[in-house]
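Colleague: sequence and computational prediction follow.
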Amino acid sequence: MPTCKGCLPKKARCLAQSGGTSRQKARLIEALRQGHPLSTLLDIAKMAKSVFYYHRCQFDVKDKYADLKQRITELYHQHKGRYGYRRVTAALKQLDGHHNHKLIAKLMRCLNLSARIRRQRYRSYKGIQGKIAKNYLKRQFHADKPNKRWLTDITEFKVGDDKLYLSPILDCYNNEIVSYTISKRPTYDLVSNMLGRALAKTKACRDKTLMLHSDQGWHYQMQPFAQVLKQHGIKQSMSRKGNCLDNALMEGFFGTLKCETIYIDKPQSIEQLEQQIHEYMHYYNNDRIQLKLKGLSPVQYRTQSLI
């Protein structure tokens with residue numbers, strides 16, 4: 001005896017009214033067809049027979065992207081959620097996995113994976129024009145070889161009522177952190193020790209036309225600082241007062257550093273934060289790929305250029 005539409009389960013009628021996807025309808029029809037005529041189910045679902053059999057054939061087909069999804073997930077968690085689809089695509093390329101970035105973006109959306117980056121707007125005080133040193137850099141952040149243009153600045157971290165200060169030197173050639181120091185107080189030693197380490201590390205390969213650019217912080221206005229630069233033939237350059245764009249590459253690094261450390265792991269003490277920064281600096285220089293470095297890390301890019 002034929003089954004009337006009114007006798008069919010309420011679930012099937014609701015599916016037809018709600019406008020579910022063809023795949024969902026096909027699955028429900030397959031589940032109900034043991035007790036009801038297929039033609040009646042197809043009529044209620046307003047689905048062609050060929051469409052039903054097409055989706056039915058796909059039920060048992062293995063997900064062709066299953067292995068790729070697994071690799072994406074592993075890369076994402078390996079880098080603690082710091083990579084978006086662009087860097088994941090570049091990382092896969094290094095592993096001999098050439099995939100379209102649109103496909104990677106689609107699969108990451110399916111996996112609910114996205115870069116855990118918190119963007120902040122920079123705010124700075126607009127003070128008077130300083131004349132300690134000229135702005136020789138003039139926002140020319142590109143360098144054609146290592147140790148030609150260095151940038152430096154100091155940034156502050158805060159955990160509870162405690163503070164920590166970081167002073168790094170960044171090489172414009174490959175965005176590598178040449179040296180850095182960390183201190184609980186922003187004393188002059190924070191900057192002088194950083195400079196000393198950078199000079200010792202690059203003594204044999206330093207460019208004779210090296211320029212060091214900074215803001216007009218009091219550390220960089222100290223006479224001993226200027227004397228050390230002069231002794232090593234390094235030209236001192238300074239941003240205009242309160243103009244963060246004159247040192248934008250350094251500010252960008254600080255933003256990336258904080259987004260990929262304290263905003264992800266949220267340290268509970270200054271000691272944890274300090275250890276976290278040390279680990280990140282090694283990761284940033286050696287493992288974290290950058291798209292503008294052809295998908296290589298800063299050290300990989302520098303090493304490759306020397307081959």
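Modeller: Yep, it's here. Numbering: from 1, shown residues only.
Colleague: just checking, what's the longest helix in this protein?
Modeller: helix 270-286 (DSSP state H).
Colleague: which residue ranges of the chain form helices?
Modeller: Using DSSP H, the helices of the chain run over residues 10-18, 22-32, 38-45, 49-58, 66-78, 85-94, 101-110, 188-201, 218-221, 223-231, 248-259, 262-265, 270-286, 298-306.
Colleague: so for Cys172, which of those sits nearest?
Modeller: Nearest to Cys172, of all the helices of the chain, is helix 248-259, at 6.6 Å by C-beta to C-beta. Any C-beta I mention is one placed from the backbone N, CA and C, and that applies to glycine too.
Colleague: check which helices and strands the closest one sits against.
Modeller: With contacts taken as 3 or more C-beta pairs under 8 Å, 6 or more residues apart in numbering; DSSP states H and E, helix 248-259 sits against strand 149-152, strand 155-159, strand 162-171, helix 270-286.
Colleague: what's the offset of the first one from the middle of its chain?
Modeller: Computed by C-alpha atoms, centre = their mean, to the nearest Å, the separation of strand 149-152 from the middle of its chain amounts to 22 Å.
Colleague: list of residues touching that strand?
Modeller: Strand 149-152 is contacted by residues 137, 140-141, 143, 167-173, 178, 191, 194, 198, 210-214, 220, 247, 249-250 when judged by C-beta atoms under 8 Å, 6 or more residues apart in numbering.
Colleague: that one pairs with which strands, and in what direction?
Modeller: Paired strands of strand 149-152, with direction, are strand 162-171 (antiparallel), strand 211-214 (parallel) (DSSP bridges).
Colleague: deepest-packed of those, please.
Modeller: Greatest average neighbour count among those goes to strand 211-214 (a mean of 25), per mean count of other C-beta atoms under 10 Å.
Colleague: so for that one, mean pLDDT?
Modeller: What strand 211-214 shows for mean pLDDT is 96.
Colleague: contacts for that strand next, please.
Modeller: 135-137, 148-153, 169, 220, 229, 234-239, 246-247.
Colleague: show me which of those are buried.
Modeller: 137, 148-153, 169, 220, 229, 234-239, 246-247 (16 or more other C-beta atoms under 10 Å).
Colleague: burial measure for Leu92, as a count.
Modeller: Using other C-beta atoms under 10 Å, Leu92 is surrounded by 19 other residues.
Colleague: contact partners for it?
Modeller: By C-beta under 8 Å, 6+ apart, Leu92 lies in contact with Arg71, Ile72, Leu75, His98, His99, Ile104.
Colleague: ok, it to Arg185 distance?
Modeller: 44 Å (C-beta to C-beta, to the nearest Å).
Colleague: cool, Asp215 as well?
Modeller: 19 Å.
Colleague: go on, His101?
Modeller: Remark: distance between His101 and Arg185 (C-beta to C-beta) = 45 Å.
Colleague: when the two are compared, which one has more neighbours?
Modeller: His101 (14 against 9).
Colleague: so the more buried one sits right up against Ala91, yeah?
Modeller: No: the criterion here is C-beta atoms under 8 Å, and His101 misses it with Ala91 at 11.8 Å.
Colleague: before we move on, back to that, quick one, which of the helices and strands packed on helix 248-259 is nearest to Pro298?
Modeller: Using C-beta to C-beta, those put helix 270-286 closest to Pro298, at 5.2 Å.
Colleague: contact partners of the closest one?
Modeller: Under the contact criterion C-beta under 8 Å, 6+ apart, helix 270-286 has outside partners 157, 159, 162-164, 166, 168, 176-177, 180, 182, 184, 257, 260-262, 265, 267, 297-300.
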